[in-house]
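Novice: model this:
(one chain, ligands or ions: 1)
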Amino acid sequence: MKDSNTTISQITLLKQKLHSAKVSLDELNEDRNAKLQTLLQFIGNLSLACKGQNLELDNKLAKLRHNLSTFERLDDALPELVEVERLLKGQYHHVMGKLEESRAGLSRVIRQIQRVDSAPDKLKREVKYFKQELAKPFHTVWDYIPKVEQLVSFYEDILAQQFETGEKLSVLPKHRQLGQELAQMIAELDFRKDQRDQVLVIKEMLAVDVEVENLLDAYQTILSLLMDNIAREKSASQEFLYALNDALSAVREVVSDSYNHAQRSHQLRHQLNREIDNRVDCVGDAVLDTDDLGQLKAQITEHLASLRAVLARKEALEQREQALLRKSMETMRKELNDLSEEACNYKERLFEQQKLNLLDPLTQLPNRAAMEERMELEFRNFQRNKHPVWVAVADIDHFKSINDNFGHSTGDKTLQVIAMALKNSLRDTEFVARYGGEEFVMLIPDVSANDIEQLLNRVREKVKNIPFKFKNQRITVTVSIGAAQIMENELIQETFERADAALYKAKHQSRDRVIIDI
Ligand SMILES: Nc1nc2c(ncn2[C@@H]2O[C@H](COP(=O)(O)OP(=O)(O)OP(=O)(O)O)[C@@H](O)[C@H]2O)c(=O)[nH]1
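Specialist: As a prediction, the model looks like this:
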């Protein structure tokens, strides 16, 4: 009886051990799921930063993000990860293909240059060497840019030589037209801060009667400034894409490794559980079937020994699993840390670019796009709290005559000074943008209908009192302003139109005045 009690208590102990083994296995699985879930969501967010590179890639990344949103769909996400990796590689091949096309294009241009008989011998030798160099494939955009610059310089040399030999090109109406088009294009483009001085020189040069040689120089400079911008932007996104591609490949490998390993472990664990169940059943059967306590004791001792062995194997399996999981996590963490750093750099660059895109390059005031964003914001505020919001449109009077009498670059400087005066006459919560040409838009919240006219007249007077002096001549520059307040049931674009109509009235009532639409 005593022996049978001991056996029963050993079985109970075994059951407890089994139970706690199961609980710790469940905990291990939960922990593993939670960690993978966090990491996979992180990848999802990082993938968002990739947006805009390629439409198909965008869609796949969105799908991948969706599939990664629940751990149960990890299996679904695996083919997506493979697909994204394929697309990233495709994107890479696309860029390489384009580079190859560009190389062929450059070869065509170089053949044209070789047909110029009058080119000096030194140049011909350089062109021949360049052609040989061009036979090598391009690996990055950086291989392409210097080649284009080199080509432009060949053309330059040929032209310079033609000028030297006295074949000076006369300025035709079409050259003047080209000069105006270039000036117009420059006005619409955004350049980096460090490029603006060069651009200003070109603008001033284009404003006077341009010579063909200068026009070619201007085109060449603008072309290389633009290429520089494109190359910077391209290499930033390329670096980021490569980093993202590497990280996704590593993560995919880790996820599929741990998935395969989890499947193998699951089978093994299942087998071990079956063995344990068998042993426990055998112990139960032996207790029921054997009356001889001595024999029972021997049988149970043998079963307990094998149970211990199975449990030890199970423990070893769990330890191996944990070690593998830790290693996988470490690899992923490292890869993701690198990627996160790369994403931060990329975001910073994008932010810089965005800032550049929202500023008017001449006056450094917010541009029309920035104004439209701010209008949306003010409109939402108005809908929420119904505080007054005013839209005012200011236009410099007879600005054309400043350009005509004193030159385009004086006109530009006038715009800069007036832009500063407008900005300085407003509070921080108020907003002014260059809407285009010589027109500015102000958005003024929280000012009553009684005070707005006085406020805008102060702005008008401030501009009028700027002591402009052109060619030693004291000039007074004035502005006309039209304003309207957002009304209930009106879109802010409609308010803008009413303000613009009020400006039109001000212009027709001899200018230099403020008209409020009420
Ligand atoms: N210098 C310079 N001139 C510009 C710029 N943008 C537009 N303009 C010039 O601004 C002038 C605007 O002329 P108009 O629209 O006839 O108006 P205005 O002479 O100001 O006359 P009112 O508005 O009727 O008082 C044109 O000559 C444009 O070429 C710029 O960025 N720089």
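Novice: so which strand or helix has residue 342?
Specialist: Assigned by DSSP states H and E, residue 342 belongs to helix 293-357.
Novice: quick check: closest non-adjacent residue to the residue in the stretch 201-350 of the chain that the ligand sits nearest to.
Specialist: The stretch 201-350 of the chain approaches the ligand most closely through residue 207 (7.8 Å), counting by CB to the nearest ligand atom. Every residue, glycine included, has its C-beta placed from N, CA and C. Closest residue in space to residue 207, ignoring its immediate chain neighbours: residue 408 at 3.4 Å, by CB to CB, 6 or more residues apart in numbering.
Novice: okay, now that neighbour: neighbour count?
Specialist: 16 (other CB atoms under 10 Å).
Novice: what residues are up against it?
Specialist: Contacts for residue 408 (CB atoms under 8 Å, 6 or more residues apart in numbering) come out as 183, 203-204, 207.
Novice: show me how far the helix or strand following the helix holding residue 342 is from its chain's centre.
Specialist: Using DSSP H and E, the helix or strand that follows helix 293-357 towards the C-terminus is helix 368-385. Distance, stretch centre to chain centre, for helix 368-385: 24 Å (CA atoms, centre = their mean, to the nearest Å).
Novice: so the helix or strand following helix 368-385 versus helix 368-385, what angle?
Specialist: Per DSSP H and E, the first helix or strand lying C-terminal to helix 368-385 is strand 389-396. Going by axes from the mean of the first three to the mean of the last three CA atoms, to 10 degrees, strand 389-396 is angled at 150 degrees with respect to helix 368-385.
Novice: counting by contacts, list what strand 389-396 packs against.
Specialist: helix 368-385, helix 408-424, strand 439-445, helix 449-464, strand 479-485, helix 492-508 (3 or more CB pairs under 8 Å, 6 or more residues apart in numbering; DSSP states H and E).
Novice: next one: the fifth one, is it in contact with the ligand?
Specialist: No: using CB under 6 Å from any ligand atom, strand 479-485 stays clear of the ligand, with a minimum separation of 6.9 Å.
Novice: give me the sheet partners of that strand and which way each runs.
Specialist: Strand 479-485 sits in its sheet next to strand 389-396 (antiparallel), strand 514-517 (parallel), going by DSSP bridges.
Novice: mind listing residues that contact that strand?
Specialist: 388-397, 418, 449, 452, 456, 459-460, 463-464, 495-496, 498-507, 511-517.
Novice: which of those come close to the ligand?
Specialist: 395-397, 507, 511.
Novice: picking up where we left off before, what sits against the residue of the stretch 201-350 of the chain closest to the ligand?
Specialist: Contacts for residue 207 (CB under 8 Å, 6+ apart) come out as 183, 407-409.
Novice: same thing but 10 Å
Specialist: Contact analysis of residue 207 by CB atoms under 10 Å, 6 or more residues apart in numbering lists 179-180, 183, 403, 407-412.
Novice: how about residue 458?
Specialist: Neighbours of residue 458 in contact, by CB under 10 Å, 6+ apart: 425, 514.
Novice: check which helix or strand covers the residue in the stretch 101-250 of the chain positioned nearest to the ligand.
Specialist: Nearest to the ligand in the stretch 101-250 of the chain, going by CB to the nearest ligand atom, is residue 187, at a distance of 5.4 Å. According to DSSP H and E, residue 187 maps onto helix 173-188.
Novice: buried set for that helix?
Specialist: Neighbour counts over helix 173-188 (16 or more other CB atoms under 10 Å) mark 175, 178-179, 182-183, 186 as buried.
Novice: can you list contacts of that helix?
Specialist: Helix 173-188 is contacted by residues 169, 171-172, 199-200, 202-203, 205-212, 214-216, 218-219, 222, 225-226, 360-362, 408, 412, 436-437 when judged by CB under 10 Å, 6+ apart.
Novice: which of those are buried?
Specialist: Neighbour counting over those (16+ other CB under 10 Å) leaves 171, 199-200, 202-203, 205-207, 210-212, 214-216, 218, 222, 225, 360-362, 408, 412 as the buried ones.
Novice: low-confidence regions, the stretch 301-450 of the chain specifically.
Specialist: The stretch 301-450 of the chain contains residues with pLDDT under 70 at 336, 343, 346-347, 349-357.
Novice: test my guess that residue 199 contacts residue 191.
Specialist: Yes: Residue 199 is within contact range of residue 191, at 5.1 Å (criterion: CB atoms under 10 Å).
Novice: shared neighbours of the two, anything?
Specialist: Residues touching both residue 199 and residue 191 (CB under 10 Å, 6+ apart) are 222, 225, 361.
Novice: returning to that earlier point: identify, from the buried residues of helix 173-188, the entry nearest to residue 108.
Specialist: Of all the buried residues of helix 173-188, residue 108 sits closest to residue 178, with 23.5 Å by CB to CB.
Novice: got the contact list for residue 191?
Specialist: 197-200, 222, 225-226, 228-229, 356, 361.
Novice: residue ranges for the helices of the stretch 51-200 of the chain, please.
Specialist: Under the criterion DSSP state H, counting those that start in this stretch, helices of the stretch 51-200 of the chain are mapped to 55-68, 74-114, 121-134, 141-164, 173-188, 196-207.
Novice: dump the ones you listed to CSV, plus mean pLDDT.
Specialist: Listed next are the helices of the stretch 51-200 of the chain as CSV, based on pLDDT from 0 to 100:
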stretch, mean pLDDT
helix 55-68, 67
helix 74-114, 72
helix 121-134, 81
helix 141-164, 69
helix 173-188, 78
helix 196-207, 85
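Novice: nearest approach to residue 294 belongs to which of those helices?
Specialist: Residue 294 lies closest, by CB to CB, to one member of these: helix 74-114, at 54.5 Å.
Novice: in CSV, list the contacts of residue 191 along with distance to the ligand.
Specialist: Below are the contacts of residue 191 laid out as CSV (distance: CB to the nearest ligand atom, whole Å):
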residue, distance to the ligand
197, 17
198, 17
199, 12
200, 12
222, 16
225, 18
226, 19
228, 23
229, 21
356, 18
361, 10
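Novice: out of the contacts of strand 479-485, which are buried?
Specialist: 389-397, 418, 452, 456, 459-460, 463, 495-496, 498-500, 502-503, 506-507, 512-517.
Novice: could I get the average pLDDT for stretch 495-514?
Specialist: For stretch 495-514, mean pLDDT is 96.
Novice: next: stretch 223-243.
Specialist: Averaged across stretch 223-243, pLDDT comes to 72.
Novice: let me see the contact set for the closest residue to residue 110 other than its chain neighbours.
Specialist: Distance criterion CB to CB, 6+ apart; nearest residue to residue 110, sequence neighbours excluded, is residue 131 at 5.3 Å. Residue 131 is in contact with 106-107, 110-111, 113-114, counting by CB under 10 Å, 6+ apart.
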